[in-house]
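Asks: sequence isn't available, so here's the structure alone:
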């Protein structure tokens with residue numbers, strides 16, 4: 001290294017600068033380093049690698065130990081991390097407490113979360129007006145109608161093409177939407193019959209079996225029936241839309257489509 005350190009060194013206790021005893025690096029215990037300014041400890045690195053600023057007991061990992069950063073503010077609801085660069089410094093984007101125990105973020109021109117493993121693709125964005133964008137939010141809408149169906153059976157509606165298939169969660173070969181993550185999903189469908197049959201019954205089926213009730217339209221030609229339903233799904237659960245008749249006649253959809261999306 002270059003230069004000369006002009007302080008006094010006592011490795012068992014502390015490192016201080018000559019003429020400034022209020023500034024020091026200390027070794028208060030085994031595997032622990034602290035830094036002082038103004039005669040008070042400001043920073044501590046403990047034996048597990050946790051870093052504390054403004055606290056002598058850093059606990060950034062909830063007591064399980066390991067590397068992490070714990071910042072303890074000197075005033076109530078006033079503990080922040082501020083980011084600046086030579087060209088981006090106003091109004092100083094910050095993360096921290098902003099009064100009344102609210103944890104939040106101050107930003108300029110919005111907030112964006114990107115994925116470095118996907119060429120920095122945007123995964124979530126809030127612009128300066130508060131509008132939210134989630135580019136990969138699961139969402140689909142099928143494109144065309146189906147052919148005549150068998151009677152008195154749960155006929156899963158299989159529509160090959162889609163207007164929308166964000167996340168490719170809808171499979172046109174078997175008519176299934178498969179949930180990519182746990183959540184609540186909204187489904188909707190529209191049936192218009194080409195023939196006059198009694199009560200085409202429609203429903204959304206989870207994992208090839210259960211449904212949460214069905215909808216029907218009794219004895220109508222070219223009369224539409226719509227259905228909406230929210231389902232709680234785990235990752236890997238799938239949903240089909242079904243149609244049947246209850247008196248032996250054959251439902252013949254003329255213009256039938258369905259879709260759905262993740263609510264939260």
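Replies: Yep, it's here. Here the structure is a predicted model, which is why all the values come from computation and not from measurement. Numbering: from 1, shown residues only.
Asks: so residue 52 bridges to which residues?
Replies: Beta-bridge partners of residue 52, counted by DSSP bridges, are residue 44, residue 70.
Asks: so who does it touch?
Replies: By C-beta atoms under 8 Å, 6 or more residues apart in numbering, the contact set of residue 52 is 43-46, 58, 60, 69-72. For glycine as for every other residue, the C-beta is placed from the backbone atoms N, C-alpha and C.
Asks: swap in 7 Å and give it another go.
Replies: Contacts for residue 52 (C-beta atoms under 7 Å, 6 or more residues apart in numbering) come out as 43-44, 58, 70.
Asks: now do residue 176
Replies: Residue 176 makes contacts with 238-240, as judged by C-beta under 7 Å, 6+ apart.
Asks: kindly recompute the last result at 10 Å.
Replies: 156, 158, 169-170, 205, 207-208, 238-241 (C-beta atoms under 10 Å, 6 or more residues apart in numbering).
Asks: distance to residue 114, secondary structure and neighbour count added to those residues, as CSV?
Replies: Below are the contacts of residue 176 laid out as CSV (distance: C-beta to C-beta, whole Å; DSSP: H, G, I helix; E, B strand; the rest coil; neighbours: other C-beta atoms under 10 Å):
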residue, distance to residue 114, secondary structure, neighbour count
156, 38, strand, 16
158, 37, coil, 16
169, 22, coil, 21
170, 26, strand, 25
205, 37, strand, 19
207, 35, coil, 13
208, 38, coil, 11
238, 30, strand, 18
239, 31, strand, 24
240, 35, strand, 22
241, 35, strand, 30
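Asks: count of neighbours near residue 130?
Replies: Other residues lying near residue 130 total 7 when counted by other C-beta atoms under 10 Å.
Asks: that's all I had, so thanks and see you.
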